[in-house]
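**Q** Here is a sequence together with a model predicted from it:
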Amino acid sequence: MKAAALTVAGAAVRTAIVVMMAFAVFGPLANLVLWAFAERWYTPHALPVTWSLRWWEIVFRPTGDAMASLTTSIVIALLTVVVALALSIPAGYALARLKLPFRTLILVLFLLPQAFPSVSIYINVARIFYSLGLAGTVPAVVLVHATQGLVYSVWIATAAFAAVDRDLDLAARDLGASHLTAFWHVTLPLAAPGITASAIFVFLGSLDEFTGTFFVGVPQVNTLPLLLYNAGMGGNYQIASITALILLVPSVVFMLLVERLLGADVLSRIGR
Amino acid sequence: MAGTGARVEIDGLAVGYGSSLVIEGLDLDIKAGSFVALLGASGCGKTTLLKALSGLLPVASGSIRIGEIDVTHAPPERRPSTMVFQSYALWPHMSVAANIGYGLKLRHLSRPAIAARVSEILSLLGLDGFGDRRPTALSGGQRQRVALGRALAIDPPLLLLDEPLSNLDASVRQTMRAEIRALQERLGLTTVLVTHDQEEAMIMADRILVMDRGRILRDGTPEEVWRRPMSAFVARFLGADNGIAADFASLDGATELTLIDGSRVLLPGPAPFVGVGEIRFRSAAVGFGGSGRDGLSLAGRIVSALYPGGRHRYVVETAVGSFTVEEGRRASLGEAVVLSVPADELHLFPADPQAASARMAPGGRLSPARSPAADCLA
């Protein structure tokens, strides 16, 4: 009897914890969804007073700011992925395969941009970009996003290459493949899932990036997060909510993909 | 397809990792079409030698020739040898057929020619119909065959096997040993096998090199090496687990051994050397009960009894040490027994390396002019 009572109490506590966690995650999301379909919503009402799809029409209007910002965001994110991979594939291969001195130091170096307060960094970056005439251009924003993305892409690419058994490259060499041929035929295809995952992290990071774009790109380059910020600051919660939902879609879809791409063999080697 | 094997000549080879040399001044001549096993414990230099042959490890000095080509400083891709890796190293992103055909693709053969050769290899290895599968969908023995097929596809003048069977179940290993040996003989491949498994080396190779600390201690056919190990180390490695220290003396044309407890044993034939030495014998050579034949007799007591199937395995404690014994008769713990080892199963070695070197040729091998009684009293 006593044991049964304890079990019931345990189940109740567990349920309560799960409900609270679910609310912490889904509560704000529900608020977003409600705002996205609200026409008028003010206190003391728990739910919007009148509903409307008008704001969706405004956001998705082909000539609207939102569509232009979305295009800019995607172009910048794709370019950022290209830049990050162009650096992280050779860097990851070298860090995983070659006997480099100060290997750990090099890996930590890529963490540095994350270690300092981003605002102070980007104010200085913006100043340098102004003097170079780069400020307010897409390449400037891409550079800033790529610097942030390199942490994920270099660390994950290093782990992905390290997870490829060295004997697999050597077997190709042994059968007559040069260093480069073995890399193209064996090492790179086998590291590809991990590298794709790192590309997704970089893409999502760029898509959501705000601070760097704000200091380096504005007002000429307007990405979706900036539009969201302006709408939010301007009190237009509908546009802000719809933009946020748009930004949420690729994150969720890609994260599901990343989980399949990053096997335990790669994850266990990150940062080593 | 037959007779593709090349002769391999190694001259004064020095090779190692970084600045520390594992092998120094090694000479070796391998006949075309022969199957050589490099046998030794881990760290003896056998894998280092194989890597030097394959080009995976740079040579510090000396030379390696495969057939007519000097490959001493050639990278692995420019050597005519192919290797079967211990891990098989099959590419999981390619089909079995693509794995086997990879060497041919690199040699720019036409697609139909590659397909024809791959199906030939598949049927040679009993893998018909497996071409489209991924290596990960195969059993251990099948993967082993694919790895072998990948190496064989290009008709290698030299085939290198790096502990190829160590990851297989005992029964599959038995089959693969016989299969690889049969294939090697049929195709006339020059083959070098690296193994720490004495039985594997004996069964597969026609020449065994026992290695220790980068040197070749014994070089001969399996039977020669087994019957005349020539050194205590080789004898121990080839299963002569039991050893007794003894003092050797000559007595009227016979050999008199004084054991550490003061007891004396007389063996037929003149003493191979005089002074401190070691007697070694295999557990299978020991029996219970004095047979009346010439040899060693030791009284003792059974302290451990195991039954691995077939013969019983006992550990018997005597006044001069403990010995393992394989015996058909069933006996119980604590039972008093008399061990007997026939004289021709006793391997005798001088303990003093100075005394040994007096009769040994450079490279640690006994000179042909040695006493006939040395090492093995026949």
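**A** Happy to help now that I have it.

**Q** What helices and strands are in contact with the longest helix belonging to chain A?
**A** Ordering each helix of chain A by length in residues (DSSP state H) puts helix A:2-36 first. Secondary-structure packing of helix A:2-36 (3 or more CB pairs under 8 Å, 6 or more residues apart in numbering or on different chains; DSSP states H and E): helix A:237-261. Glycine gets a C-beta too; all of them are placed from N, C-alpha and C.

**Q** if we can go back for a sec, so what touches the next helix or strand after the longest helix of chain A?
**A** Next along the chain after helix A:2-36, taking DSSP states H and E as the criterion, comes strand A:38-40. Residues outside strand A:38-40 that contact it (CB atoms under 8 Å, 6 or more residues apart in numbering or on different chains): A:48-52, A:54, A:237-238.

**Q** and with 6 Å instead?
**A** A:48-50, A:52 (CB atoms under 6 Å, 6 or more residues apart in numbering or on different chains).

**Q** Now the buried members of those.
**A** By neighbour count, with 16 or more other CB atoms under 10 Å in any protein chain shown, those hold A:P48 as buried.

**Q** can I get the contacts of strand A:38-40 in a markdown table with pLDDT and secondary structure?
**A** Below are these laid out as a markdown table (pLDDT from 0 to 100; DSSP: H, G, I helix; E, B strand; the rest coil):
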| residue | pLDDT | secondary structure |
| --- | --- | --- |
| A:P48 | 81 | coil |
| A:V49 | 79 | coil |
| A:T50 | 79 | strand |
| A:S52 | 80 | coil |
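
**Q** Show the contacting residues for B:T190.
**A** B:5-6, B:32-33, B:158.

**Q** per-residue pLDDT, the residue lying closest to A:S118 once chain neighbours are set aside?
**A** Nearest residue to A:S118, sequence neighbours excluded (CB to CB, 6 or more residues apart in numbering or on different chains): A:T211, at 4.8 Å. With respect to pLDDT, A:T211 has a value of 90.

**Q** tally of neighbours for A:T211?
**A** A:T211 is flanked by 16 other residues according to other CB atoms under 10 Å in any protein chain shown.

**Q** Next, work out how far apart it and chain B are.
**A** With distances taken as CB to the nearest CB, to the nearest Å, A:T211 is found 40 Å from chain B.

**Q** I'd guessed that residue sits against A:F116; true?
**A** No. A:T211 lies out of contact with A:F116 (CB atoms under 6 Å); the separation is 12.0 Å.

**Q** Number of residues surrounding the residue lying closest to B:A151 once chain neighbours are set aside?
**A** Excluding its sequence neighbours, the residue lying closest to B:A151 (CB to CB, 6+ apart) is B:T82, at 4.0 Å. By other CB under 10 Å, 24 other residues sit near B:T82.

**Q** for B:T82, what are its contacts?
**A** The contact partners of B:T82, by CB under 6 Å, 6+ apart, come to A:174, B:151, B:156.

**Q** Can you give me every residue that contacts the first one?
**A** Remark: with contacts taken as CB under 6 Å, 6+ apart, A:D174 is in contact with B:54, B:76, B:82-83.

**Q** Who wins on neighbours among those?
**A** B:M83 leads the contacts of A:D174 on contacts (other CB under 10 Å) with 31 neighbours.

**Q** beta partners for B:I66?
**A** Note on B:I66: beta-bridge partners by DSSP bridges are B:V8, B:I69.

**Q** Please look at it and B:A6 and confirm they touch.
**A** Yes. With contact defined as CB under 6 Å, B:I66 reaches B:A6; the gap is 5.3 Å.
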